[in-house]
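>>> Need coordinates for the following:
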Amino acid sequence: MADALATTGSSLPPAFDPAPTVTIVLSTYNERDPLIKPAAPDLSLLATSKAEYVAIAGFRASAVWQAGFVLLCVVTGGVLWIMTTWWPQIYTYLARVRVRSLGVADIVLVRDSHGLMHECAVVHSEGGMVRTFEWKHQRYLYIQQSGSFERVPAMLLDSLESVTRSLQTGLASSVVADRTAFYGPNTMELKTPSLIRLLVEKVVHPFYLFQLISVALWLEEAYTTYALAILAMSISSIAYEVHSQVTNASQMQALVACAIQVQVKRDGGVQSVPASALVLGDFVLVQEQVVAADMVIVVGECMADESSLTGEAIPVSKQPSHDDPTKSVLECHKSSVLCAGSTVVRVKGDSVWAVVTRVGFSTTKGDLLRQILYPDDVPFQMVTDSYRYLLALSIVAGLTSLQRIYDAIQAHSTLGDLVISVFDLISTTIPAALPMILTVGVGFSLTRLQQARLCCIDAQKINVAGHINCFCFDKTGTLTSDHLDFEGVDMCDGSPLTTKPTSRDVEYALASCHGLSVDDQGVVAGYSLERDMFAATEYTLSATTNEVQSPNGGHVSLRYDRRYPFDAALQRSSVVVQASNEPHFRRIYVKGSPEAIADICTGIPSDFYARVHRYASEGLYCVALAMKKMDGYEPATSRATVESDVTFLGFLLFLNPIKAASRGVIETLERANIDVRIITGDNALTAMHVARELNMHLTTSMLYLDVSPSDGSIMYQLYPVRVDPTDDQLISLAQTSTTWLALGDLDTLLDLDFDLTITGAALDVVIASSLPPLLVSRLVQKAKIFARTKPHTKTWIVGRLMDAGLFVGMTGDGTNDCGALKAAHVGLALSDAEASIVAPFTSRGKAIEDVVALLREGRCALTTSLLSFKFMVMYPIIETAMVAYLNHMQASFSNNQYLFGDMFVVLGMSVLMLQTPPAANLTKARPPTSLFSPTIVWSVASQSVVFALYFSATLAVAQRQPWFCALPDVAAGRAHCYPYRPNESGDMTTHAFEVSIVWLLGTPPLGSVSKKYTCLGHWHYVVLAIAFNLNDPFREPAWHNRAFVLYTAAVGAILLGLVLWPGNAMAVAWLDLTTPLPLSFCFEMAASCALALVTAVGVEMAVRITFAQS
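Next up is the predicted model:
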């Protein structure tokens, strides 16, 4: 067992043990479960799965250490406690005692794959012999032999044979009690934190905590209006987040709730118990209601609606398994499995019994729910970059604070004034409104998406959608319609295609070889392919007897002896029927993929594969039919015997038409240089036909990679996708050009200038091989079409594309696409089924055009976030420089001056600029991928230089005017331009020429301390708002945002009015501008303002053009 231990990291600290990776078998059919009683559970009786943690460490509780932790929290004024809410491991290390062995631990600290720590309590039961803990809704059991905790999913692995033997009596009450005690009830309870805890968690978040500290400081300084405004916005934001979290938790709990009664067989009798009381191995009487746990049918047949799990709207038939009876019940074919969360819509016969194989969070629905609760988050570069910017602003705050301390000491300021002014600088440098602005911007996009019937469960993914440069499409139901039109039968005898076959065998095959059912109203349920096929025969399906009846009052009926459902591994299905006029033998009808049918036929036409290729290249679904007559059929006859030595009958042909909007969507994406891929479970040639019909940008011929049926090696052929499919060259190529390729030559093949189509089977060979990761990455990047892919392969493909540095979007109709939808950077489900909750976006209209709408909105949201972040980063730099300069001169802004600038100028424009809608078209241009991209950095830097030089020059001109008096001269009595009026503390004043000039325009004189920083005043905010909102390829022109245009114009007009009308009542009484400037100088400043605007806009355009070309 020790050799089985493995770590996922290159190194782990000594305090942690690596996660074990083992696979053991769980057997649960015993009179008394031996895993409950022994001191050391027998490993042969347990089924453990790979641990979901990376490392684990053991601790025990200690009253002494706990008291020490409380004391430290008190001494630090609660700061230590707040830090434990950010880093829970601090509490564990300070309040717990580390133990050497996990076997004596009361608490374990586990590290997940993201490096985050989680504390879990260890439960000791059966006198301490059994030790478990729960994490991510999975139970971990301590295994003494290995000295580690291993994940024990609640699943049954007994064989079908042993299950059948226990059917008569069911489980004993003692076994039920033991299994309930060990695995817990069959529920998926979600522990929702209390409202108080949620509020506390939000309040102590670094951003909100900083906002609250800033508000407290502002209230102390009587800066009441803005403080209350920020407080109100913070409270609203916290309330919205808490409400959303509680609402989502309630909806999730309602989704998993299953408050029904079920009939179970226990102690030899049938009992009615709550669904939560089910345990592994219980025999349940299947009724027409929600399925409470994963089960396998052992007796009878029923119809189940699985749309809530798979998105498949068609009820499917469930019947007992015909697999090898020695196989585990978990290996049964899906046609025998009832999944928790599905609904039984019809029970056939007197009674249907099923055995419980998984309970709780180990069920299919539980796994889906855990994927939602614990997603593998894709890191977003903008989040990391924003913290770097804030770190830079914090450094600026530190430097200006040091300067302020020095100035205060020189001016003999009081300690109270010094502390408040330093905190003022810090709260000014780090914008308290930044989180709110970014949230509001995404909120506007979210609202527009909802209006377009695009639902979103992860708003942050909207910004990620702006980065998408590769989009993957499922084919059936996404690019093409979700139904198949029956085109007819080709009997390969020279007769034309017909929907009314003259052959009796073909007629019988169409009438019987399907999985259809009919309800009491005569409505036929099943796959559209089989419904259309059956309808062509005009036969009727009986709701009471297990047979189909010939049309027009005919006297021939076909009675079913057995149906073998479609098997993905075999690629075929079959039925055993007896015609009413043929009592002495049975007819076997088989349908499936042409390759699968060819393998079991006694002979096939010489042009069999040529026809298959022709039909596939024409976009037709080709299903082969075969039959045989069988004497002496017995129910125990194996499926392999039934489906052997059959006679080929012909091809069933179906057309899956392309959606009308698909071609336009693909054209729009490729015109915008977004890489388009098709990932489908369908035939490769059919997928290539669809790609051709969609006018995808493909090379004239494609390399088509598949697996040789003879030895499993990869083969390829050069397939001419642009050749007329009726051309003989196509058929000739399909028959003669296949060339076998060794894996060692794959590198050379990828150097050829051809796009690639590859099947899932070929990918499986690649995955299982020891090819270099770089070569595998090249293969995936070169492939434009992935065909015959299974759900897990789709997820793998998306993951490899993302690993290659692409931003990947994925869309599908919800069936078999859940893994890929969740794995992609952005997943769009064209479904309203519950399965769509794994994708961040859902199209309620199931419209493929929503792909374009989502990308347009994503680019708009990302661009808006970037420009608002630029604006909100420049805002504190501007204000900090102004405040630092004035503090250096022993001056400051008044509360009203702060309020006008912070709320009416900055906050108003920063919110309204977010409302600009997305551009009507996708273009080749893409928004920057980082806040440190050249466009962003050079924009900020160039604007800083331009404005610093411009306004420094403006103020330098003012200093040379005969009317100008510097504040130090006025304070010292060396000049008498205006009376010196210090504030209440006596070391600061709001009445100075510097205050008027800096507040209106900004920037101190050249040579001053603030020369080191970008210094912009309130007019500069208007200039930046206009320059940053220049027309770009991702949003509508700014004038479409009327509210922003009108508001900015109004602010600009007010500021210009204050410049051109010095000494007016508003300026003096409300804005405290009590040192008006001469009118002649004011006109010069107004002209300079206009010039500054032109210069700023020109510089911003130059930066955008330069980096757009590069």
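>>> In the sheet, which residues pair with the closest residue to N546 other than its chain neighbours? Tell me.
Distances taken as CB to CB, 6 or more residues apart in numbering put Y560 closest to N546, at 4.8 Å, once the chain neighbours are dropped. In this view, the C-beta of every residue, glycine as well, is placed from N, C-alpha and C. When bridges are called by DSSP bridges, Y560 pairs up with V577.
>>> from now on call the first residue 782
Sounds good: first residue 782 from here, last item Y1341.
>>> What is the burial count for Y1341?
14 (other CB atoms under 10 Å).
>>> quick one: contacts for it?
S1293, N1327, E1328, V1356, V1357, V1358 (CB atoms under 8 Å, 6 or more residues apart in numbering).
>>> Quick check: the gap between the second one and V1128.
It stands for N1327. 14 Å (CB to CB, to the nearest Å).
>>> And the first one, by the same measure?
The gap separating S1293 from V1128 is 23 Å, by CB to CB.
>>> same thing with G839?
Taking CB to CB, one finds G839 at 50 Å from V1128.
>>> P1386 now?
In this view, P1386 and V1128 are 44 Å apart by CB to CB.
>>> What of F1435?
F1435 is 31 Å from V1128, by CB to CB.
>>> cool, and M1583?
45 Å.
>>> Identify, by residue count, the longest strand of the chain.
Taking DSSP state E as the criterion, the chain has its longest strand at strand 1124-1139.
>>> Please spell out which residues along it are buried.
Residues T1124, V1125, V1126, R1127, V1128, V1133, W1134, A1135, V1136, V1137, T1138, R1139 are the ones in strand 1124-1139 that count as buried (16 or more other CB atoms under 10 Å).
>>> quick one: which of those residues is nearest to Q1302?
The nearest member of these to Q1302, counting by CB to CB, is R1127 at 11.7 Å.
>>> which residues sit in contact with the closest one?
Going by CB under 8 Å, 6+ apart, the list of residues near R1127 reads E1069, C1083, M1084, P1096, S1298, D1300.
>>> Give me the buried positions along the one helix or strand I1578 maps to.
Using DSSP states H and E, I1578 sits within helix 1572-1584. Buried residues in helix 1572-1584, counting neighbours by 16+ other CB under 10 Å, are found at P1572, T1574, K1575, T1576, W1577, I1578, V1579, G1580, R1581, L1582, M1583.
>>> Just give me the closest of those to T1210.
M1583 (36.7 Å).
>>> Pop the domain breakdown of the protein in here.
Annotated domains of the chain cover 783-934, 976-1037, 1162-1234+1637-1890, 1236-1261+1440-1625, 1266-1436 [automatic domain parsing].
>>> Format these as a markdown table; extra columns: mean pLDDT.
A markdown table is the format used below for the domains of the chain (pLDDT from 0 to 100):
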| stretch | mean pLDDT |
| --- | --- |
| domain 783-934 | 71 |
| domain 976-1037 | 80 |
| domain 1162-1234+1637-1890 | 75 |
| domain 1236-1261+1440-1625 | 81 |
| domain 1266-1436 | 85 |
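>>> any chance of the ones you listed in a markdown table, plus distance to S940?
Listed next are these as a markdown table, based on distance: least, CB to CB, whole Å:
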| stretch | distance to S940 |
| --- | --- |
| domain 783-934 | 9 |
| domain 976-1037 | 30 |
| domain 1162-1234+1637-1890 | 49 |
| domain 1236-1261+1440-1625 | 25 |
| domain 1266-1436 | 17 |
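>>> Of these, which is nearest D1148?
Nearest to D1148, of all those, is domain 783-934, at 9.4 Å by CB to CB.
>>> Which SSE is immediately downstream of the longest helix seen in the chain?
Secondary structure of the chain per DSSP state H: the longest helix is helix 1631-1669. Remark: after helix 1631-1669, the chain's next helix or strand is helix 1676-1680, criterion DSSP H and E.
>>> Let me have the strand or helix carrying Y1390 in CSV, keeping just the CA atoms, if that works.
Y1390 is located in helix 1389-1398, with elements delineated by DSSP H and E. Extracted in CSV, the C-alpha atoms of helix 1389-1398 (Å, rounded to 0.1, in the frame of the first residue of the first chain):
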residue,chain,number,x,y,z
PHE,A,1389,-20.6,-1.5,-49.8
TYR,A,1390,-17.9,0.9,-48.6
ALA,A,1391,-18.1,3.1,-51.7
ARG,A,1392,-21.8,3.6,-51.0
VAL,A,1393,-21.1,4.4,-47.3
HIS,A,1394,-18.5,7.0,-48.3
ARG,A,1395,-20.7,8.5,-50.9
TYR,A,1396,-23.7,8.9,-48.5
ALA,A,1397,-21.5,10.2,-45.7
SER,A,1398,-19.9,12.8,-48.0
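>>> helices and strands around it, which ones?
Helix 1389-1398 sits against helix 1375-1381, strand 1401-1411, strand 1428-1436, helix 1465-1474, helix 1509-1517, with contacts defined as 3 or more CB pairs under 8 Å, 6 or more residues apart in numbering; DSSP states H and E.
>>> Show me what counts as buried in the shortest one.
Pointing back at helix 1375-1381 there. Those would be P1375, A1377, I1378, A1379, D1380, I1381, for helix 1375-1381 by 16+ other CB under 10 Å.
>>> what does that helix rub up against?
For helix 1375-1381, using CB under 8 Å, 6+ apart, the contacting residues are 1351-1353, 1371-1372, 1385, 1389-1390, 1393, 1403-1407, 1424-1427, 1429, 1432, 1490.
>>> about what we covered before: reformat the buried residues of helix 1375-1381 as JSON lines; add distance to P1708.
JSON lines is the format used below for the buried residues of helix 1375-1381 (distance: CB to CB, whole Å):
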{"residue": "P1375", "distance to P1708": "47"}
{"residue": "A1377", "distance to P1708": "48"}
{"residue": "I1378", "distance to P1708": "52"}
{"residue": "A1379", "distance to P1708": "52"}
{"residue": "D1380", "distance to P1708": "52"}
{"residue": "I1381", "distance to P1708": "56"}
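>>> Can you tell me which of those is nearest C1863?
P1375 (86.9 Å).
>>> any idea how far F1267 is from the closest one?
Taking CB to CB, one finds P1375 at 17 Å from F1267.
>>> And V1245, by the same measure?
Distance from V1245 to F1267, by CB to CB: 42 Å.
>>> Next: L890.
61 Å.
>>> Could you do S1387 as well?
Distance of S1387 to F1267, given as CB to CB: 27 Å.
>>> Which one's more surrounded, those two?
F1267 (21 against 8).
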